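Student: only geometry, no sequence info:
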């Protein structure tokens with residue numbers, strides 16, 4: 001009898017445990033279902049909001065809001081509008097990647113050079129009775145759109161074309177396109193590459209090919225190379241005393257040629273800070289890749305490949 005009672009209690013205990021598990025699973029199941037419903041509801045709301053922001057009406061309102069500061073101008077004694085710095089608009093309404101390109105171009109230019117000598121929002125250097133309105137919103141996709149802004153400045157009508165990018169939950173200006181179809185962002189990217197290419201060319205002609213009078217190799221290396229690359233060049237110097245293996249810039253396959261001809265033929269941007277240098281060294285056609293970074297306003301060689 002005692003054995004049966006224990007068996008019965010054991011069975012009851014197991015039943016109670018199973019019931020508790022069932023209740024717990026049901027509760028968890030209900031909670032999961034509720035959370036799923038809430039997630040679905042949020043997704044629907046997010047989708048609806050995103051769809052609204054992809055309408056031509058919303059984009060037009062967005063651009064009109066950007067140009068709002070130009071509606072109440074202040075004029076100087078000569079009748080010229082006192083323009084607000086474009087900085088606040090740039091900070092608020094430029095895309096992240098456009099900001100990055102502009103910042104790099106300004107860093108490459110240094111303090112003594114001006115990258116943009118105009119207000120790209122008005123596409124003008126000076127301003128008099130500037131007015132504008134959105135003429136057309138077109139080519140809307142999930143990530144991009146184009147807006148044509150009809151502007152008048154100095155009584156002359158013209159069109160400002162804005163290429164937009166959808167990021168961070170809204171539309172931002174990713175490029176300014178001129179009436180002739182020129183891209184401001186492409187102009188900035190070309191300026192960066194052209195400046196760096198000229199820097200590389202000068203370094204090869206003056207230093208790598210020893211074309212500069214009274215050449216100070218150590219000074220040139222420290223001026224134009226990162227500390228990491230300068231150390232590597234110093235470590236690779238395999239002659240007596242101390243020096244820098246400047247010949248590393250001539251590539252891994254460099255060897256004495258059959259003439260004294262040294263000339264840079266071409267420097268090609270490869271992207272991501274890499275530049276392919278094609279040159280004639282001792283009459284031989286050679287090439288190598290130089291990696292470049294911009295640090296604290298200085299163009300520096302970071303690697304040789």
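Tutor: Arrived safely, thanks for sending. Note that this is a predicted model, so its numbers are computed, not measured.
Student: Apart from its chain neighbours, what residue comes closest to residue 137?
Tutor: residue 56 (4.1 Å; CB to CB, 6 or more residues apart in numbering). No exception for glycine: its C-beta is placed from N, CA and C like everyone else's.
Student: where does this protein have low pLDDT?
Tutor: Across the chain, the ranges flagged by pLDDT under 70 are 1-46, 73, 79-86, 252-260.
Student: Strands of that one, start to end?
Tutor: Assignment of strands within the chain using DSSP state E yields the ranges 131-138, 144-153, 156-167, 170-177, 262-271, 274-281, 284-295, 298-304.
Student: got the ones you listed as TSV, with mean neighbour count and distance to residue 122 columns?
Tutor: Listed next are the strands of the chain as TSV, based on neighbours: other CB atoms under 10 Å; distance: least, CB to CB, whole Å:
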stretch	mean neighbour count	distance to residue 122
strand 131-138	16	8
strand 144-153	18	6
strand 156-167	18	7
strand 170-177	21	10
strand 262-271	14	31
strand 274-281	19	35
strand 284-295	16	29
strand 298-304	18	31
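Student: nearest to residue 219, of those?
Tutor: strand 298-304 (14.4 Å; CB to CB).
Student: How far away from the center of its chain is the closest one?
Tutor: Offset of strand 298-304 from its chain centre (CA atoms, centre = their mean, to the nearest Å): 19 Å.
Student: again with stretch 203-213
Tutor: 33 Å.
Student: Next: stretch 174-185.
Tutor: On CA atoms, centre = their mean, the centre of stretch 174-185 falls 17 Å from the chain's centre.
Student: quick revisit: can you lay out the strands of the chain as JSON lines showing distance to residue 109?
Tutor: Shown next, in JSON lines, are the strands of the chain (distance: least, CB to CB, whole Å):
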{"stretch": "strand 131-138", "distance to residue 109": "29"}
{"stretch": "strand 144-153", "distance to residue 109": "26"}
{"stretch": "strand 156-167", "distance to residue 109": "23"}
{"stretch": "strand 170-177", "distance to residue 109": "18"}
{"stretch": "strand 262-271", "distance to residue 109": "17"}
{"stretch": "strand 274-281", "distance to residue 109": "18"}
{"stretch": "strand 284-295", "distance to residue 109": "10"}
{"stretch": "strand 298-304", "distance to residue 109": "11"}
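Student: do you know which of those lies nearest residue 64?
Tutor: Comparing the strands of the chain under CB to CB, the one sitting nearest is strand 131-138, at 6.1 Å.
Student: ok so, going back, would you agree the residue nearest to residue 137 is in contact with residue 135?
Tutor: No: in this structure, residue 56 is not within contact of residue 135 by CB atoms under 8 Å, at 11.7 Å.
Student: what do the two both touch?
Tutor: Taking CB atoms under 8 Å, 6 or more residues apart in numbering as the contact rule, residue 56 and residue 135 have no neighbour in common.
Student: burial count for the residue nearest to residue 137?
Tutor: By other CB atoms under 10 Å, the residues close to residue 56 number 14.
Student: do you know how far it is from residue 230?
Tutor: When distance is defined by CB to CB, to the nearest Å, residue 56 is 55 Å away from residue 230.
Student: So what pairs up with residue 267 in the strands?
Tutor: Counting by DSSP bridges, residue 267 is bridged to residue 277.
Student: How about the contacts made by it?
Tutor: Contacts of residue 267 (CB under 8 Å, 6+ apart): 197, 200, 201, 275, 276, 277, 278.
Student: Pick out the most distant pair among these.
Tutor: Maximum distance among the contacts of residue 267 (CB to CB): 12.7 Å, for 201 and 276.
Student: Endpoint to endpoint, stretch 172-184 covers what distance?
Tutor: 15 Å (CA to CA, to the nearest Å).
Student: Please apply the same query to stretch 291-305.
Tutor: First residue to last in stretch 291-305 (CA to CA) measures 8 Å.
Student: hmm, who's touching that stretch?
Tutor: Counting by CB under 8 Å, 6+ apart, 104, 107-108, 110-111, 195-196, 199-200, 203, 224-226, 228-229, 248-249, 251, 273-275, 288-290 sit against stretch 291-305.
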